[in-house]
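Visitor: please work out how this folds:
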Amino acid sequence: MAEASNSDTGKENPTFKIRRLEISDKRKGYMELLGQLTVAEPLTDDEFDQRFQEISSYGDDHLICVIEDESSGKIAATGSVMIEKKFLRSCGKVGHIEDVVVDSEFRGKHLGKRVVEFLTDHSRSMGCYKVILDCSVEKKVFYEKCGMFNRGIQMSKYF
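Guide: Numbering: from 1, shown residues only. A predicted model of the protein is given here:
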């Protein structure tokens, strides 16, 4: 979807395309973008390719989306969703949204909201009865703007 041109400057705004992660996205700054979210050590091409193939083997049950700035070829935003299959709710499914991040260069353009909507739409199309995610207190307002609400407390144990 193309953004409208900016008549004040005569320059066109960047065009952002949302799509599934591709193996070539490592060269477009994907790992560096993840590093803006949390610890993301550099991976060799072989390590990235191997993990990409593993995730791809899960089909639609594990989707990573990216938003590419088509004018620069840079990955501007990303997020993922994993579909959990349950016995509850007549063998229902739940989408778990993870790793949503927008490059600092592109923040304020509603790209994070587009990522969450894309992942939520995918979850709905997979038959999920809800999507859930964990976030910091600082991100609560953003996710509320995406239609989510606080439903409890997250607990973690790191190894």
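
Visitor: neighbouring strands of the helix or strand that contains Val66 in the sheet, and parallel or not?
Guide: Val66 is located in strand 62-69, with elements delineated by DSSP states H and E. Next to strand 62-69 in the sheet, as set by DSSP bridges, lie strand 16-20 (antiparallel), strand 74-85 (antiparallel).

Visitor: and the ones you listed, which is most packed in?
Guide: strand 74-85 (a mean of 21; mean count of other CB atoms under 10 Å). No exception for glycine: its C-beta is placed from N, CA and C like everyone else's.

Visitor: chain center to it, what's the gap?
Guide: For strand 74-85, the gap between its own C-alpha mean and the chain's C-alpha mean amounts to 3 Å (CA atoms, centre = their mean, to the nearest Å).

Visitor: partners of the residue nearest to the spatial centre of the chain in the sheet?
Guide: Nearest to the geometric centre of the chain sits Gly79, at 1.1 Å (CA atoms, centre = their mean). On the basis of DSSP bridges, Gly79 is bridged to Cys65.

Visitor: how about Glu98?
Guide: With DSSP bridges as the rule, Glu98 is bridged to Ser80.

Visitor: sketch out the low-pLDDT regions of the protein for me.
Guide: Scanning the chain for pLDDT under 70 picks out 1-14.

Visitor: mind checking the SS state of Phe48?
Guide: The three-state label given to Phe48 by DSSP: H, G, I helix; E, B strand; the rest coil is helix.

Visitor: need the contact list for the residue nearest to the centre of the chain.
Guide: 64-65, 97-101, 112, 115-116, 118-119 (CB atoms under 8 Å, 6 or more residues apart in numbering).

Visitor: in stretch 125-132, what counts as buried?
Guide: Judged by neighbour count using 16 or more other CB atoms under 10 Å, the buried positions of stretch 125-132 are 126, 128, 131.
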